[in-house]
Structure formats: structure tokens, C-alpha cells
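Undergrad: Give the three-dimensional model of this entry:
(2 chains)
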2 protein chains.
Amino acid sequence: MGLQRSHFESASTGPKIRAQTSSTADGWELERAVEEPQPPPSQRPRGGEDRRWPLLSGSGRSCPQKSAETLSSQYGLHLLLAGLLLMFAWAVHAVGVAKSAVLAYLLSLMALQLLWMAWYLCRRCAHKRLIQDKDTQAGARWLKCGITLFAIITLIMDSFKIGYFVGFSSCLPITEGIFPVAHAVHTLLQVYFLWCHAKDVIQSFKTLERFGVIHSVFTNLLLWTNGILAESKHQLNEHKERLITLGFGNISIELDDHTPLCNCTYSTLCSIFSQGIYYLYPFNIEYHILASTMLYVVWKNIGRKVEYLQPHKMPFKFQGTAIGSILGLVVFITTIVVVVVYLIQIGRSKLKSELALIMFYLYAITVLALMCAAGIVAILIYRLEDNSLDISKNPARKLDADLLVGTASGSWLLSWGSILAIICARSHPAYTWFSLPYSVLVIIEKYIQNLFIVESIHRENDKSNDDIKTLRILTVSSGSNLSPVASYKEIYNGTNGKLSSTFYGNSYPSENNSSCAFHGNINQSKIPVPPSSPDFSFTLRNFSVNNKRSILKNIAVFLFLCNLSLWIPQAFGCRPEYDNGLEEMVFGFEPWIIVVNLAMPFSIFYRMHSAASLFEVSCKI
Amino acid sequence: MGLQRSHFESASTGPKIRAQTSSTADGWELERAVEEPQPPPSQRPRGGEDRRWPLLSGSGRSCPQKSAETLSSQYGLHLLLAGLLLMFAWAVHAVGVAKSAVLAYLLSLMALQLLWMAWYLCRRCAHKRLIQDKDTQAGARWLKCGITLFAIITLIMDSFKIGYFVGFSSCLPITEGIFPVAHAVHTLLQVYFLWCHAKDVIQSFKTLERFGVIHSVFTNLLLWTNGILAESKHQLNEHKERLITLGFGNISIELDDHTPLCNCTYSTLCSIFSQGIYYLYPFNIEYHILASTMLYVVWKNIGRKVEYLQPHKMPFKFQGTAIGSILGLVVFITTIVVVVVYLIQIGRSKLKSELALIMFYLYAITVLALMCAAGIVAILIYRLEDNSLDISKNPARKLDADLLVGTASGSWLLSWGSILAIICARSHPAYTWFSLPYSVLVIIEKYIQNLFIVESIHRENDKSNDDIKTLRILTVSSGSNLSPVASYKEIYNGTNGKLSSTFYGNSYPSENNSSCAFHGNINQSKIPVPPSSPDFSFTLRNFSVNNKRSILKNIAVFLFLCNLSLWIPQAFGCRPEYDNGLEEMVFGFEPWIIVVNLAMPFSIFYRMHSAASLFEVSCKI
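TA: Here you go, the predicted model:
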């Protein structure tokens, strides 16, 4: 190892021959060897860390590392499976499995994670002077802000839980008191960890740290599942209470009793706490799934060799997004009104329930239709351009795309269930017909929106791409016997200074641009582009591009606000899939409840996740 | 586009500067520009297909292609979700959903797939002269042979089903007769398609063909699910009949009646058919999941740019695997005996059932312990070597690794269920204690086996790697002022002729070896290796390497036969998870049956899939 490193160090001091591949709009690749520009001293690694300065980005790992990956992912899966089974056992009232068993399991997982995080933070403090590799694409600032917001609400929920426990302390098991305290500590340390280390690309103690990170990922996933379970039980109880009010005696109704057997020492406070907890649960649930995805990206990054990309900040600007913002805010406010009315009206009487359902369906159909239209326009605009695909390795982006399609399946399943129920049902009360366009629109809207988001996050930055295209046309159309290097220099000096970094395929601020050299025969075909036209065509294209950008930005902002809006009804218990009644009649009460409880968490997560992705898209455009 | 292509064509006629990265055992990368050797004329693309001769392998795609990927994968997901819901509705006896609805849905999917396959085959015939890109790593010959075997048994099953329908034609719906006929046609065409086109890397009509292939993938997945559903219903009925025999009246038992309401025209034949069908189902199930995975690899390969790897055949040789084969065959024969005895004894009486369970547990514990030991030895041998990781893009391999870990989760869930049941149960009959070591060993064995397989399929070919290492030591230890090119030439001429192709990082038969050139400073550190030692050390290492290879090969063959053996009990209804009774007591009858029916198909698939992977590993070693 020492041998190779010393070879490597000496190699990295002089200019190197470096292969570069620039993927262009048409899918073919131009390859050339250029003398690599030296990064500025501030970006160079110091000390004994030279081996972390990769010649080529990639995942050049050794076999033991691959083993560590498999080992740790399997360990994580076991944590998850055991936890899921324990929760399942508790949910189905298995013999000998109490809630305290589930809490004890979660407590031990959190304790282990706390220990590991403390160790990691101490080690990082002790080795502060070593420069740490960072994945600039992971852990965006707005993501951190979002998670902090959710964490603060989670802390409030924890304090409510502690208050509730104190009130009923005489008859609640001790785990119900320890859990919120430990959870609050866990939340505080984890948010600090994510703020400081979400971008880390861990290169040392890889096996141990793989286990630590994957343990954290699955601990958060289980805490997410636990939150969902508590929420689902609560929603199901409320639904059953409504059914009792409406006089449905034919369905086997058994309430999951969760009120303690003793009296609270200060009853009004206790009732506020117990009510408040369920309004805060949705935020707690989002917090854990977000933390889990961020930690997963850290895990994927372990041992990776990252390109030294200049961290290009994408500040969100409100200017030019007035139409999108206003429309989106209208949807947002309407949503809150609709949800409040729905929750007040539903279950009061048969008529009021039906009216509430019709109101909700009409609202949702309108919003979804608008979103579909916006999505289609955005995709059409993309089809008019022909940008190339950014194929660089990016675990955060891959996870985003996979999660979008994966979690959309949850609500697609529910929609197909509703459609099947309408087709198969023997009687159709008038209000149930609204369910058909609603379900179809849910399917289409997510289909289109996913296409838009996936394409947006995979597109290369347009500006640089346009520059490259212009450059290529000019280089080839010049038709002279000038060497490509010369014509490149000429163009470089003539246009804007941003070219160099783009052209190098990475973002080193280039100090010695003139050392760039082509190897390979460039065919000198003639294209009918007059040599004097670049400025004119550039201006024309810029105008059209700016218009398109503006429309796309408005659409992204509108969709962002719509997704945020559509998160609210589902997260706060406005669920027509329960209250409609048609599906329960066709599938049977229990089978349908199982389907809804399994699919709903993904459907809720989808809305928050797509909102986050759309925020990123609107910053990027 | 024409412009770039013509540039490209001219560039590909002369020698090109080509960057190469050889990832070595220690994880650092050596990069150099060498003049690329020209492939022999037989391997060169012809006609207008030059753009398919990539300079660098990668996935340089345009945005519309990424869109087509997302579009088609979402379409496939919808097919799956709608189908799953329909089957779920049928399974829970939803109002208005009959078996014929499910069959009609599957029939329409199969018809669409047949149309697409016919179109694809015709197009390929019409454009025969165009050379088609092939992914040499996909659709191995032994995989095709396996799928053909399963397909033949599936055809027998279809003929049984047709016979059964003819016998009961007076009272069975017509779909039950059409389905096996259509299924037989579908099977024939699909096997032909997979034989001829499993390696295809589709480069034209990408969007249409993406939809066709993904449609085929999900059609097969749904046929797999349909098979599982029929099988599970049958197993559950048998289990319930046994419980009735044993006098368990406290569990709500309701048989899914599936015998037709009229009499068969030739009753003995009908009973043979109906019995036979359920013994053939496991093969039908394996056929569909295998077809599905092969088609998925075709889908992943669409539009990909593949390296022109020499298709290196890996013939399986029995020589040197005597110990592994004999031990494996002993396990195989024992398994068949145990399964036959188990199926005869179980459910006869309480005592006979318990004895059968104890016999099965003892057998399984022994086999699993042996497999664990073998797996640990194999991993230790790998740890003694330090091979580098093969990081080339390979969709077939990635799918294999993901499926191994993913499907193992099914049986891990069952094992954790058994462990939880033992911990929580209030009474423990003696035979239930055997379930604990059995469950623990199932977990450990799959954990270790996955590690072994994943590492095996990701290792670079050892021979070439050894050569490279020897070369490197020699190059550096020579300590002279010879240019690296010169010393490389020297070594090349001195050792074996296989080096060149390895050293180029790909497998072109090199015609102009001497044109290889290094760029970069190689540090001339001195290592205490005498210049005259290469032959001696090479021989010594070869001896040790051959020994290790032999042990690894034996282990792979042994594990292959063991996995094949362990597939039999689960596939043919020897399921202690049902017959044990402890889990049903703790979780409740219905919850546990749901868990088993969801997890078991993955557990069964795991065994067949790991057997296939181990066969590949034993060929590769």
C-alpha cells in the first residue's frame, strides 16, 4: 500500500494526462486527453490524505469493502424485520407482546445509535485538521432546515408525551416515560449530527462506520413505522367511532382501547396532551423518514470517491414566480378550509358526511386537474429542448427518483382499489361516483409529476450545455486548418469566461487554460452557419430560453405548493378511502382497512417528498 | 447528429488515444493513455452502425430516453398493482370478483405480450444483416437450459389443466379452458424469445420496446403471483384438513372450496390431473420468476452502451469437485427421503406429526450447520487473498445481488416470527424447542451464503489479476532507469501471452501490443524482491492458489446442491411453520397465515435463485 501511495503522490505533483468524457446532447461521447489543471491550494488535500485525491471519480473499491456493504445492509434488514414483526405482534394482540416490549426494543436501538454518534463526533473533533471529503450534492441546506423544523415539532410532541406520562404515572409502565425522554435526546443529537455530517464521505474505519450509519438508518425507519402504527390505530379508532355514530352495526367493530385505567392528576392538561399528540404525529413521522433518507445517502457515500465539484449554491428566488406562487397559495388556503370543514362535518350524520365527501372530491378533482395540466405543459417544454442527461454518480438523486416512483405506488394501489370497487359494487350511491374521476386523476397526476421531477433532476445545467453546443458548432464550422486547440482558445477569449470550467468536465477554477489539448481527429464538415452569427443566434436563443425557464419555474413553484397542500388532508386524517364506504363493502371491512393502513403511509410520504424534490427543481431551473 | 456521427466515424478509423483505468487490489487506480489496439475485422461493426461502437462504455443517454425509462417503469407498476389488487379481491372473496375476472386480466396481458414479441421477432428477422449489440454477461446458457426445463414442465401442467377442463367442461367457465391453451402458446413463444434475444441490447425504437419488455416483465410477475396464490390456497386447504383431522376445533376453519359442482366424465383421469397440477406448480412458479428476471435484464440493457467483451465461456467441469459433489448428493437424497416421510406422516396423528417435525428439524439443523461451516471457510479463504473488485456495469449481476438479499428477507421474517413465538409462548411442547436452533441457523446460513455469493460474483478474474500484480512488482522492483514501456515489453515477452488483453483493461485480441504506452511518473521505490525471483514466486503462489481454488470450487458445488435440496421441502408443502402450531398460538391463526403466505414465496424463490448463483460461482472459480 505504501508503495502505491508514494507512487501516487509523486504522480499527483506534476501535470497529469487525464481522460475526460463529455456526454453531449445527442448521446455520443467525445473523449480527449487534456492536461489536468491544478486545483487551487485551498482545495488540495493535505497531510497523509493524498490517496483521497482521486484521478478519476468512481467507486474503485476492494472486495472487503463490498463485503462490509453486504454485511451491514443485511444487519440493517434484520433490525428492521425483527422490529416490524414485534410491532405486528403488538398490533394483532399476540400473546405476551405488550407495548412496552416494542418501546424497549426501540429504546435499545436508539441508545446504540446515540453511542455510535457520540463516538463519531468525538473522533471527528479529535481529527479536525484532516480535510474531510464532502459530497456537495447531499444534505442540501433547505433539507436541513426542513428536518430542523420537523425536529422542533417532534420535541414539542415528546414534551407532551412526558406531560401525559406524569399525569397518568400511577398506572402507565415506566417505558412510556423513559421513551419520550430518550427520544428527545436522540432527536437533538441526530439533528446536530445531520447538520454537521450529512455531506461526509467517510473514508476511514469503513466497516465500523457502515454498521453505525446503517443502524441509524433502520432505527429511524422503525421509529417511522412506530409513528405510523400509533397514527393508524388512532385514525382507525376515530373511523370506528364515526361508524358507530352512523349506526353501522353489521361491521365487526372493536375499539383498540388505549386510555389508561387510572385518572389523570390534572385532567384538562392530560386531554390537551393526548389530543395534541395526534396533531403533531404527522410531523414526527416526516422527521424520521427524512432523517432516514439523509442517513442512507451517507451510507451510500462511504468509501466513495467523489469528484471535487464546486458547491454551486442554488438560492431560491421568488422573483418571476408570482403566478405560480399566487395560484399555489390559493390552493393551500382552500385546502386548509376544506380540511377543517371536512373534519367537522364527517361522521355527524349521513347527509353531512355525504356533503363533506362531495366537497372534498370536487376540491381534489379541481386541484389534481390543474396539476396535471401544469405537468403536461412542463414536459412539453422539456421535449422542445434537447438537453443531455447528467449521468454522473449521485446517490442522493438516485434515491430521490426511486423513492418518488416507489412511494407513489402506495396511493396508486388505493386508487386502483377504488376503481375496482366502483366497477364491482352492486349499488352506487350518488356521491361514490365522484370517487372515479378522483382516483383516475390521482394516478395520472402522479404519473406526470414523477416524469417531470425525474427529468428535471437528471438534466444537465442548461447554461453550460448551451455554451458547449455553441462552441462545438463554431469549432467545426470554422472549417479552417487551425488546430482544435487554437480554435478553442479563440472562442474562449471571444465569449464568456464561464466556459473553461464547463469544458474541463469538472469545476476546477482553471489556472492554466491554455494547456488544454485535443487528441483525436475532428472531422471538418461544413455546416451552413456563417462565422459571424454566434452573437445573434445566442441572443435569440437566450430570449426563448428565458421565457421557457420562467414558465417552468412557475410550474415548479405551483406544483410544490400543491403537493404541500395535498399532504395536509391525508396527514391529518381526512381520508375518503375510509369514509366512502364503497371499498369496505366490496372488499370487506378488514381486508380494505389492511390495504389502506399499509398504503397510506407511503402515499403521505410521497406528497412531502415530491414537495421537497419540486423545491429543489424550482431552485435549479 | 449526422455531423457528430461522421466525425466519429473518421475518428474510429485511425488509432485512438484511449484512457484506461485498472482498479487494483488496494483500491487505488492507475490511469494511463494507451494507443488502442484495433479489434479484429470480425468484431468491428459494419454498415451505418458505427455509432454503436463506443469509445467508452457508459450510459450516455439523452433526456427523452430517461423519460421513456420512467414512463415504462411506471406503466409496468400499474399493471402489477391492478393485477395484485384483482387477485387480492378474489382471495378475500370480494363482492363481484370471480376467478374468471383474474384469468381474463391475465389473458389480455399475455395476448398483448404475444403481439409485441411477434412484432419484435419479425422486425429482427427483417433486419438480420444489422449486427446487434449483445450483453455477453446476460442470459447465460445454463440459465436458458434451466428455463427450458421449467417451461417443459409448465407445458405438461398446462396439458393437465386442459384435460381437467375437458373433464369438467359442463360446469367450468370457459376462461378456465382458454387460459391453459393461451398459456402454453405464451410459454412456447417466450422461451424461443429468451433463447434468441435474452442478450439483446436494443438500440432502436427504444420507447416502444421499453414498453414491450416491461410489459413482459410484469406479465410474468403477475403469472408468478397467480401461481403462488393457487399454490398457497391449496397448501392452506391441506393444512386446514390436517387440523380438522387432529381435532383442532377452536380455530376458525373455512375451506376454500375449489372442486367443480358437476361430475367428471372420466373420474380417475380427473383426479390424476388435479393432483398432478399441484406437484407441477412449483416448477411453473420458478419458470415465471426466472423469465421475469431475464426480461428485466433486457429492459435494463435498452439503450445501454456495452463494452465489447469477448464472451468468455465458463464450462462447468466436474473434475476436482468430487468431495463437494458427493456430500451434496448425500444431502439431496436424504432430503427426498425426509420430505416423503414428512408428507406421509404429518397430520396422521398427534404423535406421528410430532415425530415428523422432530425428524425434519434434525435434518435441517444438520444441513444448515454444514452449510454455515462451508460458507465461513469460503469467506476466510477470500479474506486471505486480496482480489480487486470488478466495478464494471453489469445489470444482470446487480439484479442477482439485490434479489439474493431481498428474497432472503422472506425467510428471515419467518425465522424472526418463530423466535418471537418461542420467546413469548406460555407453554412449550418439547418438539417446539427444535424450532429455535433451526430458525437461528436459517438466519445465519443465508447471511453467510449471501456474503459468499455477492463477493464471488464481484471479484475480478483471479488469473489476470495475479498476472497484473506480478507485473507491477517486477516493474517497480527493477529499479532501473528503463522507461516503463520498455520494462513492460520486457516482461511481456518473458512471461505468458495472456497479459496483453488483461492489461488493456478489456479483451480485444491485441494485434499491435508494442504500441502500449505509459504516461505518468512511476515512483521507483525499492522493494526487497530479487530480480531473479519471479519464476519461483509465481510457481509457489500458483500452487497455493490452485489449492484454494479447489476448496472454493468444492464448497460452491456443495452449497449449490444443498440449496437445490432445501428448495424441495418448501416447494412441495413441507412447511413446519404451518405444522409447528406454536406461531399460530402466539400470533393468532389468521395473522400468522398471512405472514407465511406473503413470506414463503420469496423464501422458495431464494433457494432456487441462490442455487443458480452458486452454479455460476462454481463455473467462475
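Undergrad: Assign a three-state SS to A:Thr265, would you?
TA: Under DSSP: H, G, I helix; E, B strand; the rest coil, A:Thr265 falls in the coil class.
Undergrad: Against chain B, how distant is the nearest residue to A:Trp195 once chain neighbours are set aside?
TA: Spatially, and ignoring its direct neighbours in sequence, A:Trp195 is nearest to A:Lys144 (5.6 Å; C-beta to C-beta, 6 or more residues apart in numbering or on different chains). Backbone N, C-alpha and C define where each C-beta goes, glycine included. Per C-beta to the nearest C-beta, to the nearest Å, A:Lys144 is found 28 Å from chain B.
Undergrad: likewise A:Phe587?
TA: Relative to chain B, A:Phe587 is positioned 5 Å away (C-beta to the nearest C-beta).
Undergrad: ok, the closest residue to that residue other than its chain neighbours - how many residues close by?
TA: Nearest residue to A:Phe587, sequence neighbours excluded (C-beta to C-beta, 6+ apart): B:Ala94, at 4.9 Å. For B:Ala94, the count of nearby residues is 25 (other C-beta atoms under 10 Å in any protein chain shown).
Undergrad: where does the stretch 401-550 of chain A dip in pLDDT?
TA: A:461-543 (pLDDT under 70).
Undergrad: let's see 80
TA: A:460-546 (pLDDT under 80).
Undergrad: pLDDT of stretch A:242-251, averaged?
TA: When pLDDT is averaged over stretch A:242-251, the result is 68.
Undergrad: give the contact list for A:Tyr361.
TA: A:Tyr431, A:Phe434, A:Ser435, A:Pro437, A:Tyr438, A:Pro576 (C-beta atoms under 8 Å, 6 or more residues apart in numbering or on different chains).
Undergrad: Format these as a markdown table; extra columns: distance to B:Met294.
TA: As requested, the contacts of A:Tyr361 are arranged in a markdown table below (distance: C-beta to C-beta, whole Å):
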| residue | distance to B:Met294 |
| --- | --- |
| A:Tyr431 | 47 |
| A:Phe434 | 44 |
| A:Ser435 | 39 |
| A:Pro437 | 39 |
| A:Tyr438 | 39 |
| A:Pro576 | 41 |
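Undergrad: Restricted to helices, list those residues.
TA: A:Ser435, A:Pro437, A:Tyr438, A:Pro576 (DSSP state H).
Undergrad: The last one: neighbour count?
TA: As a burial measure, A:Pro576 scores 26 neighbours (other C-beta under 10 Å).
Undergrad: Is the residue nearest to A:Phe587 in a helix, a strand, or coil?
TA: Classification of B:Ala94 using three-state DSSP returns coil.
Undergrad: Likewise for the one 3 residues further on?
TA: In three-state terms, and counting by three-state DSSP, B:Val97 is coil.
Undergrad: Now it: phi and psi?
TA: Main-chain dihedrals, B:Val97, degrees, to the nearest 10: phi -110, psi 110.
Undergrad: Can you report how many residues lie near the residue nearest to it when sequence neighbours are not counted?
TA: Of all residues not flanking B:Val97 in the chain, B:Ala89 sits nearest, at 4.1 Å (C-beta to C-beta, 6+ apart). Applying other C-beta under 10 Å, we find 26 residues neighbouring B:Ala89.
Undergrad: Please apply the same query to A:Cys145.
TA: 11.
Undergrad: Distance of it relative to B:Lys233?
TA: Relative to B:Lys233, A:Cys145 is positioned 52 Å away (C-beta to C-beta, to the nearest Å).
Undergrad: now A:Asn301
TA: Separation of A:Asn301 from B:Lys233 (C-beta to C-beta): 46 Å.
Undergrad: When the two are compared, which one has more neighbours?
TA: Per other C-beta under 10 Å, whichever of A:Asn301 and B:Lys233 has more neighbours is A:Asn301, with 23 against 15.
Undergrad: any idea which helix or strand carries A:Pro173?
TA: Using DSSP states H and E, A:Pro173 is not contained in any helix or strand.
Undergrad: any idea which element the residue nearest to it when sequence neighbours are not counted lies in?
TA: Of all residues not flanking A:Pro173 in the chain, A:Ser100 sits nearest, at 4.7 Å (C-beta to C-beta, 6+ apart). If you go by DSSP H and E, A:Ser100 is part of helix A:99-126.
Undergrad: Going by contacts, tell me the helices and strands next to that helix.
TA: When contacts are defined as 3 or more C-beta pairs under 8 Å, 6 or more residues apart in numbering or on different chains; DSSP states H and E, helix A:99-126 packs onto helix A:63-91, helix A:175-197, helix A:206-246.
Undergrad: Would you check that the residue nearest to B:Val97 makes contact with A:Ile419?
TA: No: between B:Ala89 and A:Ile419 there is no contact under C-beta atoms under 8 Å: 11.4 Å.
Undergrad: neighbours of the closest residue to A:Ala104 other than its chain neighbours, just the number please.
TA: Closest residue in space to A:Ala104, ignoring its immediate chain neighbours: A:Thr175 at 5.8 Å, by C-beta to C-beta, 6+ apart. Each residue near A:Thr175 was counted by other C-beta under 10 Å, and the total is 18.
Undergrad: Contacts only, for A:Thr175.
TA: By C-beta under 8 Å, 6+ apart, the residues touching A:Thr175 are A:Lys99, A:Ser100, A:Leu103, A:Ala104, A:Leu107.
Undergrad: wait, doesn't the third one sit right on A:Val181?
TA: No: with the criterion set as C-beta under 8 Å, A:Leu103 and A:Val181 do not qualify as a contacting pair; they are 11.8 Å apart.
Undergrad: Give me the more crowded residue out of the two.
TA: Counting neighbours by other C-beta under 10 Å for A:Leu103 and for A:Val181 shows that A:Leu103 has the greater number, 21 against 15.
Undergrad: For A:Lys161, see how far away the more buried one is.
TA: Computed as C-beta to C-beta, the A:Leu103 to A:Lys161 distance reads 11 Å.
Undergrad: Residues that sit against both of the two, list them.
TA: With C-beta under 8 Å, 6+ apart, A:Leu103 and A:Lys161 have common neighbours A:Glu176, A:Phe179.
Undergrad: Name the residue of the stretch 351-500 of chain A that lies nearest to chain B.
TA: Using C-beta to the nearest C-beta, the single residue of the stretch 351-500 of chain A nearest to chain B is A:Cys424, 3.5 Å away.
Undergrad: ok, now how distant is that residue from A:Leu441?
TA: 21 Å.
Undergrad: Name the nearest residue to whichever residue of the stretch 51-200 of chain A sits closest to chain B, ignoring sequence neighbours.
TA: Nearest residue of the stretch 51-200 of chain A to chain B: A:Gly96, at 3.5 Å (C-beta to the nearest C-beta). Leaving aside its chain neighbours, A:Gly96 sits nearest to B:Cys424 (3.5 Å; criterion: C-beta to C-beta, 6+ apart).
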